[in-house]
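1. Need a 3D model of the sequence below.
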Amino acid sequence: MVKVEDINLTDSRFWTRPMDARHEAFKALRAAPRLQHYEEPQVIIAPPGPGYYALTRYEDVREAS
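-> Purely as a prediction, here's the structure:
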């Protein structure tokens, strides 16, 4: 079982994990009682921003839109 606190969407290594592992991570994010906030990745061309929320449920995306 994947723990929400172990998921880091900002870490580029997350996106190289097998698809099944990523699906399980997103399943855990959808089941979480609140939106998860992540720090923005550090890039050379821009200062870091305030971070972002992972919108993983349809209703959250709809509300944000």
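2. Below-threshold pLDDT in the protein: ranges please.
-> In the predicted model of the chain, no residue satisfies pLDDT under 70.
3. Run through who's touching the helix ranked longest in it.
-> The helix spanning the most residues in the chain, taking DSSP state H as the definition, is helix 19-31. By C-beta atoms under 8 Å, 6 or more residues apart in numbering, the residues outside helix 19-31 that reach it are 1-4, 7, 14-15, 17, 36, 54, 56-57. For every residue, glycine as well, the C-beta is placed using N, CA and C.
4. let's see 6 Å
-> With C-beta atoms under 6 Å, 6 or more residues apart in numbering as the test, helix 19-31 has contacts from 2, 4, 7, 36, 54, 56-57.
5. Output those in JSON lines; the columns should cover distance to residue 65 and secondary structure.
-> Formatted as JSON lines, these follow (distance: C-beta to C-beta, whole Å; DSSP: H, G, I helix; E, B strand; the rest coil):
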{"residue": "2", "distance to residue 65": "27", "secondary structure": "coil"}
{"residue": "4", "distance to residue 65": "24", "secondary structure": "helix"}
{"residue": "7", "distance to residue 65": "23", "secondary structure": "coil"}
{"residue": "36", "distance to residue 65": "19", "secondary structure": "strand"}
{"residue": "54", "distance to residue 65": "15", "secondary structure": "strand"}
{"residue": "56", "distance to residue 65": "14", "secondary structure": "coil"}
{"residue": "57", "distance to residue 65": "13", "secondary structure": "coil"}
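6. As a markdown table, the residues you listed with neighbour count and distance to residue 22 would be great.
-> Shown next, in a markdown table, are the contacts of helix 19-31 (neighbours: other C-beta atoms under 10 Å; distance: C-beta to C-beta, whole Å):
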| residue | neighbour count | distance to residue 22 |
| --- | --- | --- |
| 2 | 16 | 10 |
| 4 | 14 | 14 |
| 7 | 19 | 10 |
| 36 | 17 | 15 |
| 54 | 19 | 12 |
| 56 | 18 | 11 |
| 57 | 15 | 16 |
